[in-house]
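Q: let me see the structure of the following:
(chains A, B and C)
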Amino acid sequence: MTKLDDLLAYEVVEGLTEGQFTAEEYVISILKRIEEVEPKVHSFITLDTEGALSSAKIIDKKIREKENIGQLAGVTVGIKDNISTQGIRTTCASKILENYVPTYDATVIRNLKENGAILLGKLNLDEFGMGSTTEYSRYHPTHNPWNLDYVPGGSSGGSGAAVAAGECTVALGSDTGGSIRCPSSFCSVVGLKPTYGRVSRSGLISYANSLEQIGPICRSVKDLVMMLNIISGKDAMDNTSMSSSPITVPNKSNKLNVAVIKELITGSDQEVVKSVFSASEKFQEIGFSCEEVSIKNLHYALPSYYTLASAEASSNLARYDNIRYGFDYPIGEYKWDTYFSNVRENFGEEVKRRILIGSYVLSSGYYGKYYLKARRLRSLLRLELLTLFKKYDLLIGPTMPILPFKFGEKIDDPIKMYLVDVNTVIANLAGIPAISLPIGFSNGLPIGLQIMAAPFEEQKLIDASYELEKVIHIQRRPNSI
Amino acid sequence: MSMVMIGLEIHAQITALNSKLFCSCRGNYRDLRPNSNICEICCGLPGSLPIINQKAIEYSTMTSIALGCKVPDKIMFYRKNYFYPDLPKNFQITQYNVYGISSIGIDGKYELDDAKQIRISRIQLEEDPGRIVYSEGGMNVRNTALIDYNRAGVALIEIVTEPDFTGPKEVRQFLNKLSLTLEHLGVCDTLLEGSVRCDVNVSMNGGNKVEIKNINSFKEVEKAINYEITRQSSVYNRNLNIELETRHWDDKKKITFKARSKEEEHDYRYFPEPDIPVIVLGSDFVANLKQRMPELPNQRFERFILKYKLSEHTSNILINDKKLADFFESTLKLHFSPTEIANILVTDFKSLIEDDTESTDYLKNLKVKPEHIAELAKLIEGNKISRITAKDILVKIFESGKLPSEVVNSSNSYKIADEKTIMDAVQSVFDTEKSAVEDAKKNREAINFLLGKVMKFTNGRADPKIAIRLINSKLSDPEKQ
Amino acid sequence: MISKEDLEHLAQISRINLTENELEKFPKQLDKTIEYIDILEELASDDSVNLDLQELRFEELRMDEISMSDDKQLNKNITEDGFLRGPKMK
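A: Predicted coordinates for the structure are as follows:
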């Protein structure tokens, strides 16, 4: 019998409903797995063992009494630690929120709970979501389960690693410039950044609020769809959220027109490109057409992203002055602005850099030079993509231009680190949905395919991913740990 | 003669709202225990998002219309970034007029009594910060701040004028008219503590602009301006320059003192608020609102003259006191006699209530209601009581709340129209005032003295016309003496 | 070119103290980032480009109703009267 922690989410729900095992048994299996691998992987910041077990017992009781248990009943979910969970410490991997315990649940958390999901704990990230490797976490870095010397990607590195390592069945991450897709690609799991506005951001601790979305990270497309449907929806607590239709899988779909983005190929490593081409061949085998296209404004995308994200971050993080919540730092005799500056010394380096750049680009005199131009580029890029989507259903390319790399390789040069996001920021700037699907390995290191669609066309993404998943069998769980 | 230019920046709370601008906490925070009227949103807790209040947009649009402003089809919100302990997010969500989309009103004008137009630069909707209370000694003493966020997030309308005022009297007139307008719209009760704040900028003889902040009621504005003009004049007289600076008004010492020089001005790094989409009002919005919105003072003035045929003088008195005008129209519903009722209200009634006009509840707590005045008017018109009697009756019903008819009955105050009774009274007076009667024969003026005695004799109840006639006939007929 | 003074000014307006180490290495790092985003200058300053912003209609906005829950508290530094104790203002 498959180990319970190996089960996919839909298998867990089926198994529980059919009485093959109890929720408690399953959760214990997960917790055992965590005990085994966590000392090597370090996915978690906060693990709520007690809460998980008591939730499991409640589910079991409901099953015994034949009550409604919800669509995600009993499934263990890991939550990226920038999503508010009532009563559970939420740190954003920062020292500045070391003692912060939210008084409310994010809307997505409420949705999960209403559907019977079991919250396991809070997963590691780069501080406030700024980074691509979790090396900027102020607690500890997370290690790639496929090779512990390598980074798991970021900023949702804890989420990607935990799912791959079997420490939770599914996870939630957030994606501002690629933070779900990058760790999904590096950890050989499936991750989706939804259309901007599809999922409520209420409770997501903002880094760059015009760019980010919460999304699922799973080991199968079917699991992903279950999660996406539960967390999607227009929310009264988020004025930027919009309503959407639920996704079905499998789905009777037409043959889709796919195009590979040329610039993303030319900018990528050989090994990565090889895998992408084999994927496009598979697409053609299953009857999807596959051509090549070019995007004119692509080389402005990453500079625009960093301008806008830093600008928004500098404002979103201004509230952290330790007056209302935060960490242990007595007020003493300090004058208020000295106190603020002292407190905020506690940010990590990368966060500080982005706040400073953000303040710079927003200052009078520079606003027109950087910020306004970046916004214009956003419109231009979105327009260009929407035009392409009239002709093609899907645009594809490698999720990451490079293979996973070792710790410390890019940490000394911020620009080198930023360049890692060059393929993924496009979807955030344009507000379109994008998925990363595992399509291969090179020297044991995972490679992911990125598929993008027009706004609210997640169904097409899922259709293609589901079909591809059937014909490209990629391992989503390392044997090595 | 020095040339003075004064401009105003007024912040008026939308006291009509039930909830705050971006959350559902109470809009009226007065007399509540500190920090008991808060939630995640108005305290800026991590992950919280602003949810704009529909009614706030309506009220601010009405204000824009009343001040002759253009209202755009679409509006946007901006962030004004600065650090301060009373600002939970360390930015304020406000509006800003730049790069196209404007605030809720621009380019308006408001007419003063002498037909002078004051240009309204802009009207914007924004949130109030919390309050800092100083433990003993006030801001200048080295004590810790005590912060209360109950007020944080309350909706404010900011009204900015061009520096078109040439003196404090004009400013006072403007503020009075503005208060009246806001009262008519129901938007802001300017008598509520803290509901309006006014910053003033004063420049003389083309010199530097001095901004005066911290004026916490409209009444103090005139005083502050007078002080500042005097101060600036004396600086000029000593051949010194006025600095470009911000000063604070100290309402205890009645002086302005230097707060900070303009060089230390913040760069607020304005950028569009990403959490609130562009709000589409639509091209019919203003027209629809104009039809539905309450009558403005000048509209009501026109209507009183046209419909009720009141004089401009009487109409003016009523219009300038909305509660009195409301009382007037309520009375008309019971008895349609505009001239008589208006007359009672603007003379005797008004003098009886003169002392109470500062309280928000005045007129509400009176024992006299529209029914009373309606009945009083009927009695006068039906010739049942004289005007002099009516005056006394009014005083009595003010005290007792009894209806006029009751009072008249119990005090036997009905008008005497019966000639015989009056003749008896005249005879009685003639008998006792022999020297006055002799005077009256020679001097027509002295008849008033006799009339007065007759009225006194009859407790004011004699019909004066009949009494005069009888006195005259008796005087001219020697035998009747 | 970001000078040490520029950096200190930015740190001041952002209310962030920088460590000695950061004061050393940030100017160069920030310079490189600014150099990287300078490419945006190539884009035309075209005011006619629609900024393609998300829209919300007036009819969809929140109704003006009070809704409060009792458990909304601030837990840090609260005095007996309910005030939040803040640092000195001067």
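
Q: what's near enough to touch the closest residue to A:Gln475 other than its chain neighbours?
A: Excluding the flanking residues, the one nearest A:Gln475 by CB to CB, 6 or more residues apart in numbering or on different chains is A:Ser188, at 6.7 Å. In short, each C-beta sits where N, CA and C put it, glycine included. The contact partners of A:Ser188, by CB atoms under 8 Å, 6 or more residues apart in numbering or on different chains, come to A:Trp146, A:Ala164, A:Pro438, A:Phe441, A:Pro446, A:Gly448, A:Ile474, A:Gln475, A:Arg476, A:Pro478.

Q: for the longest strand along chain C, packing partners?
A: Longest strand of chain C, by residue count under DSSP state E: strand C:84-88. For strand C:84-88, the packing partners by 3 or more CB pairs under 8 Å, 6 or more residues apart in numbering or on different chains; DSSP states H and E come out as helix A:336-343, strand B:144-148.

Q: I'd like the average pLDDT over the next helix or strand after the last one.
A: Okay, so that is strand B:144-148. Per DSSP states H and E, the first helix or strand lying C-terminal to strand B:144-148 is strand B:155-161. Average pLDDT, strand B:155-161: 97.

Q: quick one on the thing from earlier: check what pLDDT the residue nearest to A:Gln475 gets.
A: For A:Ser188, pLDDT reads 97.

Q: gap between it and A:Ile45?
A: Separation of A:Ser188 from A:Ile45 (CB to CB, to the nearest Å): 23 Å.

Q: what of A:Glu14?
A: 31 Å.

Q: and if you look at A:Ser315?
A: 25 Å.

Q: what sits against C:Asp81?
A: Residues near C:Asp81 by CB under 8 Å, 6+ apart: B:Arg33, B:Pro34, B:Leu146.

Q: could I get the contacting residues of the first one?
A: Listed by CB under 8 Å, 6+ apart, the contact partners of B:Arg33 are C:Asp81, C:Gly82.

Q: next, count neighbours for residue 301.
A: Here I'm looking at chain A. For A:Ala301, the neighbour count with other CB atoms under 10 Å in any protein chain shown is 26.

Q: right idea, wrong chain: chain B
A: The burial count for B:Phe301: 19, using other CB under 10 Å.

Q: in this structure it contacts B:Lys322, no?
A: No: B:Phe301 lies out of contact with B:Lys322 (CB atoms under 8 Å); the separation is 11.7 Å.

Q: work out for me the element the residue lying farthest from the centre of chain C sits within.
A: Using CA atoms, centre = their mean, the residue of chain C lying farthest from its centre is C:Glu80. It sits 32.5 Å away. In this structure, C:Glu80 sits in neither a helix nor a strand according to DSSP H and E.

Q: how far away is it from B:Pro34?
A: From C:Glu80 to B:Pro34 the distance is 10 Å (CB to CB).

Q: again, but for A:Glu14
A: 53 Å.

Q: so those two - more neighbours on which side?
A: Neighbours were counted for A:Glu14 and for B:Pro34 using other CB under 10 Å; B:Pro34 has more, 22 against 12.

Q: mind checking pLDDT for that one?
A: Looking at B:Pro34, the pLDDT reads 93.

Q: just to check, it is in contact with C:Phe83?
A: Yes: using CB under 8 Å, B:Pro34 is in contact with C:Phe83, at 4.8 Å.

Q: overlap in contacts of these two?
A: With CB under 8 Å, 6+ apart as the test, B:Pro34 and C:Phe83 both reach B:Leu146, B:Asp148.

Q: how close does B:Lys420 sit to B:Ile468?
A: Separation of B:Lys420 from B:Ile468 (CB to CB) stands at 17 Å.

Q: more neighbours: these two, which one.
A: Counted by other CB under 10 Å, B:Lys420 and B:Ile468 do not tie: B:Ile468 has more neighbours, with 17 against 8.

Q: can you tell me the SS state at the closest residue in space to the more buried one that isn't next to it in sequence?
A: Distance criterion CB to CB, 6+ apart; nearest residue to B:Ile468, sequence neighbours excluded, is B:Leu451 at 6.0 Å. Secondary structure assignment for B:Leu451 (DSSP: H, G, I helix; E, B strand; the rest coil): helix.

Q: most centrally placed residue in the chain?
A: Chain wasn't specified; assuming chain A. Short answer for chain A (CA atoms, centre = their mean): A:Ile180, at 2.3 Å.

Q: you looked at the wrong chain, it should be chain C
A: Closest-to-mean residue, chain C, CA atoms, centre = their mean: C:Ser14 / 7.7 Å.

Q: how far away is that residue from chain A?
A: 5 Å (CB to the nearest CB, to the nearest Å).

Q: just list whatever residues bridge to the residue nearest to B:Ile10 when sequence neighbours are not counted.
A: Nearest residue to B:Ile10, sequence neighbours excluded (CB to CB, 6+ apart): B:Ile159, at 4.5 Å. Note on B:Ile159: beta-bridge partners by DSSP bridges are B:Ile10, B:Ile123.

Q: surely B:Ile159 and B:Ile120 touch.
A: Yes: B:Ile159 lies in contact with B:Ile120 (CB under 8 Å); the separation is 6.6 Å.

Q: quick check: next helix or strand after whichever strand or helix holds B:His248?
A: Using DSSP H and E, B:His248 sits within strand B:245-250. Next along the chain after strand B:245-250, taking DSSP H and E as the criterion, comes strand B:255-261.

Q: how about that following strand, does it get close to chain A?
A: No: in terms of CB under 8 Å from any CB of the partner chain, no part of strand B:255-261 sits within range of chain A; the closest distance is 12.9 Å.

Q: ok, the helix or strand following that strand: who's next to it in the sheet?
A: For strand B:255-261, the following helix or strand on the C-terminal side (DSSP H and E) is strand B:271-272. Strand B:271-272 has these partner strands in its sheet, going by DSSP bridges: strand B:78-81 (antiparallel).

Q: with just CA atoms, put the partner strand into CSV.
A: Listed next in CSV are the C-alpha coordinates belonging to strand B:78-81 (Å, rounded to 0.1, in the frame of the first residue of the first chain):
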residue,chain,number,x,y,z
TYR,B,78,-3.2,57.8,-4.3
ARG,B,79,-0.8,57.0,-1.4
LYS,B,80,0.8,59.9,0.4
ASN,B,81,3.8,58.4,2.1
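
Q: is it true that A:Ser200 touches A:Ile109?
A: No: using CB under 8 Å, A:Ser200 is not in contact with A:Ile109; the gap is 10.3 Å.

Q: tell me the buried residues in whichever strand or helix holds A:Ala259?
A: A:Ala259 belongs to strand A:257-261 when elements are defined using DSSP H and E. For strand A:257-261, a neighbour-count test (16 or more other CB atoms under 10 Å in any protein chain shown) marks A:Val258, A:Ala259, A:Val260, A:Ile261 as buried.

Q: excluding chain neighbours, what is closest to the last one?
A: It stands for A:Ile261. A:Ile261 sits nearest to A:Gly397 (CB to CB, 6+ apart), 4.6 Å away.

Q: longest helix anywhere in chain C?
A: Longest helix in chain C by number of residues (criterion: DSSP state H): helix C:20-37.

Q: and whichever helix or strand comes after that helix, what's its mean pLDDT?
A: Toward the C-terminal end, the helix or strand that comes next after helix C:20-37 (DSSP H and E) is strand C:55-57. Mean pLDDT, strand C:55-57: 94.

Q: chain center to strand C:55-57: distance?
A: Centroid separation between strand C:55-57 and its chain, computed with CA atoms, centre = their mean, to the nearest Å, is 25 Å.

Q: does chain B sit close to it?
A: Yes: Strand C:55-57 reaches chain B (CB under 8 Å from any CB) through C:Glu55, C:Leu56, C:Arg57.

Q: closest one of those residues to A:Tyr207?
A: Distance to A:Tyr207 across those (CB to CB) is lowest for C:Leu56, with 22.6 Å.

Q: contacts only, for the closest residue in space to the closest one that isn't next to it in sequence.
A: Distances taken as CB to CB, 6+ apart put B:Pro277 closest to C:Leu56, at 4.2 Å, once the chain neighbours are dropped. If a contact means CB under 8 Å, 6+ apart, then B:Pro277 has A:Asn239, A:Thr240, C:Leu53, C:Gln54, C:Glu55, C:Leu56 as its contacts.
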